[in-house]
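Asks: Attaching a predicted model along with its sequence, questions to come.
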Amino acid sequence: MNSISLPKNIKLFVTIVNRGYGEKIAEMLRENEIMFNIIALGKGTAKSEILNYLGLGQTDKDIVLSVVQEDKIPIIINNLREKFNLKEPGNGIAFSIPISSVDSAAALELISSIINNDRE
């Protein structure tokens, strides 16, 4: 049985910022040729100590999910730090998660075509 997996250099990039900044983040990502972005509305449920530790004091959040080539992540992190002041506590958080496989050929084809279009 053949298993299909994504190239190792594809990651899910997650940015959590105060409500209202999600579209600005997505616009910055599009400027960096990251075209697949989903913005979800989030509401924090963690205790205030945890929120303060993560720099997420306000509970209404925009969660931006993006599919990104691994080599673009340092550029994106730098842009987030500079343009959205993510280096300061309370302004949000960003991290990436490796995408090592998907469970359907259709999902793989969709994600791969998005990344391939970004490379062109």
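Replies: Perfect, I can see it now. The structure displayed is predicted, hence computed values, not measured ones. Numbering: from 1, shown residues only.
Asks: Output the below-cut-off pLDDT ranges for this protein.
Replies: Residues of the chain meeting the criterion pLDDT under 70: 1-8, 44-48, 50-58, 100-120.
Asks: where do the strands sit along the chain?
Replies: Taking DSSP state E as the test, the strands found in the chain are 10-18, 37-43, 60-69, 93-98.
Asks: Mind listing what's buried along the second one?
Replies: If I follow you right, that is strand 37-43. The neighbour-count check on strand 37-43 (16 or more other CB atoms under 10 Å) flags 37, 39, 42 as buried. The C-beta positions use only the backbone N, C-alpha and C, and glycine is treated the same way.
Asks: which residues does Gly92 contact?
Replies: By CB atoms under 8 Å, 6 or more residues apart in numbering, Gly92 lies in contact with 15-18, 21, 55-56, 80, 84, 86.
Asks: still on that earlier bit, I'd like the buried residues of strand 37-43 laid out as TSV, including distance to Gln69.
Replies: Shown next, in TSV, are those (distance: CB to CB, whole Å):
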residue	distance to Gln69
Asn37	14
Ile39	20
Gly42	25
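Asks: from those residues, which single one is nearest Lys11?
Replies: Distance ranking of the buried residues of strand 37-43 against Lys11, using CB to CB, places Asn37 first at 13.6 Å.
Asks: Quick check: closest non-adjacent residue to the closest one.
Replies: Once flanking residues are discounted, Asn37 sits nearest to Ala26: 4.3 Å by CB to CB, 6 or more residues apart in numbering.
Asks: Highest neighbour count among the contacts of Gly92?
Replies: Thr15 (28 neighbours; other CB atoms under 10 Å).
Asks: beta partners of that one?
Replies: Val64, Ala94 (DSSP bridges).
Asks: Now for it: which residues touch it?
Replies: 22, 25, 63-64, 66, 80, 92-94.
Asks: Buried ones among those?
Replies: Buried among the contacts of Thr15 (16+ other CB under 10 Å): 22, 25, 64, 66, 80, 92, 94.
Asks: Could you work out the most separated pair of those?
Replies: So, those by CB to CB: farthest apart are Ser66 and Gly92, at 14.1 Å.
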